[in-house]
Structures are given as C-alpha cells and as structure tokens.
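> predicted model and sequence below, questions to follow.
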Amino acid sequence: MLSVALTGNVAAGKSTVLACFVRWGAEAVDADRLAREAVAPGSAALAALVAKFGPDLLDAAGALDRAALRHRVMGHAVRREALNAIVHPEVMRLHAARIEDARRRGVAILVSDIPLLFEVLDPGAWDLVVLVDAPEETRRRRLIELRGYSPAEADDVLGAQLPARLKRARSDIVIDNDGSLEALEGHARRAWAALDAEARRRAEPGGAGPGPSPRRGTLFA
C-alpha cells in the first residue's frame, strides 16, 4: 500500500485535491474527522481539554464547542501548543488504526489529509508527501470572503502555520493552486498519475522498497 500525506496551508485548496484523488480511486483518512472523534463526548481528550481550558468549552449537549476553543487559543502560542499536546496523540492513535485496517483490506493508495503535518508530525512516517500551495494573500482572501473569518482571525490562522516555502522543500509533490478550478484539477491529475505509478511499482514482486518515486519538490504547476 502507498501511504500518502496530503497537506497544505489553510485555504490552499487541499480539500479539492483530496476529492479528486478519492474520485480517481484513493481511500482517504480525514485528520479533521479524527480530531472530532478524538474529542467526542466521554473521551479522555475532551476531559483533558475541559480541565485545561474550562467547562465553558462545552455546549448544551456536552460536546466540544470548536468555535469557542478556536477563540480561546487564537493568538496564544502556548495555549495552541497545549491543545495540540492533548489532541494530537489521540488523533495519531486513531490514524494508525485506520492505516492498519486499510493495509488488511488491500487498499492500493491511502491518502491522509493532514493540515498540520509539518507543524506537529513526522512527514517521514508516510511514503510520499503531497503539498497543495497558493499565495498567502490568495489564501487570506479566501478565508475572509468564503469562510467568513475576520481579518484578525485570518491573520492568526495563517500565522499559526509554517511558511509554505519551508514545506515545499520537504514535499515530494507540490501542486500550485493560483489559477482556476479546472487548472487545479489538471495539476491534481498529473500528481495522481505519479502516485498511481508508484503504487503499481510497489505492488509488483520485489517492488516494495525505495525506487523511482517522485523526487522532493517535484512541481505540478
């Protein structure tokens, strides 16, 4: 099985690329869904969050108010680090279980959607890393116009992630999204062809080891 980490700074277009990969045959693991599962009512992670940040983070049904949590850590690096220290270990436990299940079922390409891959995890845990990137000003505009963020909220979210230039050098495939949706899908198709070729190579007898996979920083632009 080819294990792929798909990442990208906020509002870069990662979800669109993931949808393409799934349509073309990949199975996906959504880190955001795992994060929601990790802090489900009754979970140890949710209890730890309440103990750390206060019971007012719970809504009337006893579930985590994610908007309230976002505001609680916005602009506070120490609080954000504390949040990650509580949630991410449980997310990775759930993620490891999903990967093992996919291997047992013979999945050819498993794509893990991980927004904060470089910030909190080890990219080397995956066979290949695909980065979706867009200019920062474009992403800021998308946050404000499409997601309803205030300028301050947009700046805080953008500032919490590593600069894309640092991620590009550590990625195997970079998909630039500074044009139309049609252009993005075309770039995603070329990236998918590279992933499919690598998965097929690994499926051949003796093909599981390192081989001519896409080099770091390959650009599909």
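In hand now; what should we look at?
> where does the prediction get shaky in the protein?
Applying pLDDT under 70 to the chain picks out residues 208-221.
> all strands for this protein, in order.
2-7, 27-30, 109-113, 128-133, 173-176, 218-220 (DSSP state E).
> any idea how far residue 167 is from residue 13?
From residue 167 across to residue 13, the span is 14 Å (CB to CB, to the nearest Å). Where C-beta positions appear, they are placed from N, C-alpha and C, glycine not excepted.
> list phi and psi for the residue positioned nearest the centre of the chain.
Geometric centre of the chain, nearest residue: residue 114, 1.8 Å, by CA atoms, centre = their mean. Main-chain dihedrals, residue 114, degrees, to the nearest 10: phi -130, psi 100.
> what's near enough to touch the closest residue to it other than its chain neighbours?
Nearest-residue entry for residue 114: residue 31, 4.6 Å, with adjacent residues in sequence omitted and distances by CB to CB, 6 or more residues apart in numbering. Residue 31 sits next to 91, 95, 112, 113, 114, 115, 116 when contact means CB atoms under 8 Å, 6 or more residues apart in numbering.
> cool, and residue 44?
Contacts of residue 44 (CB under 8 Å, 6+ apart): residue 90.
> domain parsing for this protein?
For the chain, the structural domains run 1-25+108-221, 32-106, going by automatic domain parsing.
> quick check: the gap between residue 139 and residue 155.
As defined by CB to CB, residue 139 lies at a distance of 11 Å from residue 155.
> could you do residue 195 as well?
Counting by CB to CB - residue 195 and residue 155 are separated by 34 Å.
> of these two, who's got more company?
Taking other CB atoms under 10 Å, residue 195 and residue 155 do not tie; residue 195 has more neighbours (26 against 16).
> excluding chain neighbours, what is closest to residue 103?
In space, and not counting its chain neighbours, residue 103 is closest to residue 1: 5.3 Å by CB to CB, 6+ apart.
> alright, calling it a day.
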